[in-house]
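Undergrad: Could you work out the structure for the sequence below:
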Amino acid sequence: MPDLYDAVGHGMWAYSNAAFRVNVLDPESFRPEPGTLVAVTHRRETDVPVICPPIYFATGGRRNTTARMHFAARDDMFLPGFFAGFPPNLPLRARRLLYKVGVARWLPRVNVFPIRSATVARVGEVAAAREDEPLGEVLHARAEAFRERAAACGLRTPTRAGDVLRGEYADLLWQPFTPADGDGLEDFWSGRAAQAAGDFRTLVQVARDGNILIVFPEGRPSPDGEIGPIRPGIGALVRRGRPAAVRPLALAYDPLVRGRTHVHLALGSPAQLPKDGLEDALLGLLRKTLPLTCGQFVAARLEAGAEADPVALERDLADAVALAREEERPVEPDLTTAAGRSRRLAEALAAAPAHVADLPYLAREYASARS
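TA: Down below sits the predicted model:
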């Protein structure tokens, strides 16, 4: 469905450029060849609309249908109620309204494929699979949270698992559920393992067919700034999918600026990964491709207890840039000149007090990229 694919590409461009100042480092490199597996560092939930437009436009997405991207995506996007359950801090009224909104039937039409875990599901999936059975026997200890929500909302106390499949419980339905959370669900987990295996086979075929496949090897946005670990199964996907090449794509958000957060994107060179130690080699590529930003540097120094002395920091930043160049690491363009470093340091130090909560994340990102 080309029209939908193109509409999504332009919509992502409009969103990402309204929300952020996106800076593509070396735009000419954003042309992955067919057969490339693009492995992306996962920083925020907004990563997909940030990374896709540069690739879409660089590969002539509207005309060049052979270079269209394919995505391995979180499987809960395909579930009913995704927009009601996934976002945090939604008012209850919004959850009720959004619960029936879904995009599952459209996702395959824009080359998005689910990748399930065999051992982690959503509470809502378990409840839907056993909706006629007693709530407590299906959800066990999780059932009490639903009873408390019913009392708080003035709803009838749910007795069957199917009673909780409604918008008022959307956030509770989106909590993860594992085999350790309750007994008597062996058939559910065996069925889920089969689905996960089917998802994997589909992605292997997508890669073997010579498509551009985009994956997030970490599986979820980093909660603390660390890059990695690599999710189990990524190595098997590379080995069995046999992509022509793997290219790391790293993005770094820098909120220590005036106005909108800056996002710097870097697409690494094509690489052939070794069969032995593939996951470690991929993690090394992702870390090396992460751009050096002023926000990372300032956060790392402030978190380490350094004084906010512009003169000393500017000297240390110049050393950090020189080292990044030796390592062939991408660098925020403003940091390549003395005037640019001076300006960006002043801007980052001025912005830091308003972004205290971001400093540990940025500092961890800076350290992880070099570990």
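Undergrad: where along the stretch 201-350 of the chain do the strands fall?
TA: 212-215, 245-254, 262-267 (DSSP state E, counting those that start in this stretch).
Undergrad: Kindly report the same for the stretch 51-200 of the chain.
TA: 69-74, 112-115, 121-122, 176-177.
Undergrad: Distance to residue 235 and mean pLDDT added to the ones you listed, as a markdown table?
TA: In this view, the C-beta of every residue, glycine as well, is placed from N, C-alpha and C. Shown next, in a markdown table, are these (distance: least, Cβ to Cβ, whole Å; pLDDT from 0 to 100):
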| stretch | distance to residue 235 | mean pLDDT |
| --- | --- | --- |
| strand 69-74 | 14 | 91 |
| strand 112-115 | 14 | 93 |
| strand 121-122 | 23 | 96 |
| strand 176-177 | 23 | 96 |
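Undergrad: longest helix anywhere in this structure?
TA: Counting by DSSP state H, the longest helix found in the chain is helix 186-208.
Undergrad: so that one versus strand 69-74, what angle?
TA: Put simply, helix 186-208 runs at 160 degrees to strand 69-74, going by axes from the mean of the first three to the mean of the last three Cα atoms, to 10 degrees.
Undergrad: thinking again about what came up before, nearest to residue 18, out of the strands of the stretch 201-350 of the chain?
TA: Among the strands of the stretch 201-350 of the chain, the nearest to residue 18 by Cβ to Cβ is strand 262-267 (12.5 Å).
Undergrad: Just give me how far the closest one sits from the chain centre.
TA: Taking the mean of its C-alpha atoms, strand 262-267 sits 14 Å from the chain's own mean (Cα atoms, centre = their mean, to the nearest Å).
Undergrad: How many residues are close by the residue lying closest to residue 278 once chain neighbours are set aside?
TA: Excluding its sequence neighbours, the residue lying closest to residue 278 (Cβ to Cβ, 6 or more residues apart in numbering) is residue 235, at 4.5 Å. Using other Cβ atoms under 10 Å, residue 235 is surrounded by 19 other residues.
Undergrad: before we move on, back to that, list just the one of the strands of the stretch 51-200 of the chain that sits closest to residue 345.
TA: Comparing the strands of the stretch 51-200 of the chain by Cβ to Cβ, strand 69-74 comes nearest, at 36.7 Å.
Undergrad: so what secondary structure elements neighbour that closest one?
TA: Judged by 3 or more Cβ pairs under 8 Å, 6 or more residues apart in numbering; DSSP states H and E, strand 69-74 is in contact with helix 47-58, strand 112-115, strand 212-215.
Undergrad: now those as JSON lines including mean neighbour count and distance to residue 172?
TA: Conversion of the helices and strands packed on strand 69-74 to JSON lines gives the following (neighbours: other Cβ atoms under 10 Å; distance: least, Cβ to Cβ, whole Å):
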{"stretch": "helix 47-58", "mean neighbour count": "21", "distance to residue 172": "26"}
{"stretch": "strand 112-115", "mean neighbour count": "20", "distance to residue 172": "22"}
{"stretch": "strand 212-215", "mean neighbour count": "25", "distance to residue 172": "30"}
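Undergrad: Those: which one's closest to residue 41?
TA: Among these, the nearest to residue 41 by Cβ to Cβ is helix 47-58 (8.0 Å).
Undergrad: Show me the contact partners of the closest one.
TA: With contact meaning Cβ atoms under 8 Å, 6 or more residues apart in numbering, helix 47-58 is reached by 9, 11-13, 15-17, 20, 22, 24, 27-28, 30-32, 38, 40, 61, 69, 71, 212, 214, 216, 221, 249, 251, 263, 265.
Undergrad: cool, stretch 139-147 as well?
TA: Under the contact criterion Cβ under 8 Å, 6+ apart, stretch 139-147 has outside partners 123, 126-127, 135-136, 157-158, 161, 164, 169, 172, 175, 177, 181-183.
Undergrad: Next: stretch 89-98.
TA: Against stretch 89-98 from outside (Cβ under 8 Å, 6+ apart): 81, 83-85, 153, 166-168, 170-171.
Undergrad: and these as TSV, adding pLDDT and distance to residue 197?
TA: Below are the contacts of stretch 89-98 laid out as TSV (pLDDT from 0 to 100; distance: Cβ to Cβ, whole Å):
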residue	pLDDT	distance to residue 197
81	87	25
83	87	28
84	89	29
85	90	25
153	93	39
166	95	32
167	94	32
168	95	35
170	95	29
171	95	30
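Undergrad: Would you mind pulling up the elements that the longest helix of the chain packs against?
TA: Counting by 3+ Cβ pairs under 8 Å, 6+ apart, helix 186-208 packs on strand 112-115, strand 212-215, helix 234-241.
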